[in-house]
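Trainee: 3D, please:
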Amino acid sequence: MNDLGKYKGKWAIMIGFKGEHLAEIEPIIEALQEDYPDTEWNCMNSKFPQYDFILCGFTGDRDKAHQVGMAVVRKHMPQHLNLLYWIKEVGVVKYNV
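Mentor: Okay, the predicted model is just below:
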């Protein structure tokens, strides 16, 4: 399992997807590594029941994460995939009360 501690203070681009689409996502990860070399990309197991995997890109700040995340969804992800996209500061847990 990946140690997220080394990413604390960075922002994560997170895209949830089903295991049946893993073969489609793998070449996309290679393209992302070329297009966004300053962002570290990993694929992790999901704890969300509706997605099997989470594609994560770790980058500097919130604005950069959102900019890269939106470009990834628009430019790289096939439209037929049922994806969930969000950004999150690594190591910060927020609760809505």
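Trainee: residues in contact with stretch 59-79?
Mentor: The contact list for stretch 59-79, computed with Cβ atoms under 8 Å, 6 or more residues apart in numbering, reads 10-13, 15, 24, 28, 31-32, 35-36, 38-40, 57, 83, 85, 87, 89. For the C-beta atoms, the positions are set from N, CA and C on the backbone; glycine is no exception.
Trainee: do the same with stretch 38-52
Mentor: 1-2, 7, 13, 16-19, 22, 25, 29, 32-33, 53-60, 68, 84.
Trainee: what ranges do the strands span in this structure?
Mentor: Along the chain, counting by DSSP state E, strands occupy 11-17, 40-45, 53-59, 84-89.
Trainee: which other helices and strands contact the first one?
Mentor: Packing partners of strand 11-17 (3 or more Cβ pairs under 8 Å, 6 or more residues apart in numbering; DSSP states H and E): strand 53-59, helix 62-71, strand 84-89.
Trainee: the same query, at a cut-off of 10 Å, please.
Mentor: helix 22-35, strand 40-45, strand 53-59, helix 62-71, strand 84-89 (3 or more Cβ pairs under 10 Å, 6 or more residues apart in numbering; DSSP states H and E).
Trainee: check those for me and report the most buried one.
Mentor: strand 53-59 (a mean of 21; mean count of other Cβ atoms under 10 Å).
Trainee: and that one, which strands flank it?
Mentor: Using DSSP bridges, strand 53-59 pairs in its sheet with strand 11-17 (antiparallel), strand 40-45 (antiparallel).
Trainee: redo those strands as CSV? Include distance to residue 77.
Mentor: Compiled in CSV, the strands paired with strand 53-59 are given as follows (distance: least, Cβ to Cβ, whole Å):
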stretch, distance to residue 77
strand 11-17, 7
strand 40-45, 13
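Trainee: and the ones you listed as JSON lines, adding distance to residue 76 and mean pLDDT?
Mentor: Below are the strands paired with strand 53-59 laid out as JSON lines (distance: least, Cβ to Cβ, whole Å; pLDDT from 0 to 100):
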{"stretch": "strand 11-17", "distance to residue 76": "10", "mean pLDDT": "93"}
{"stretch": "strand 40-45", "distance to residue 76": "11", "mean pLDDT": "92"}
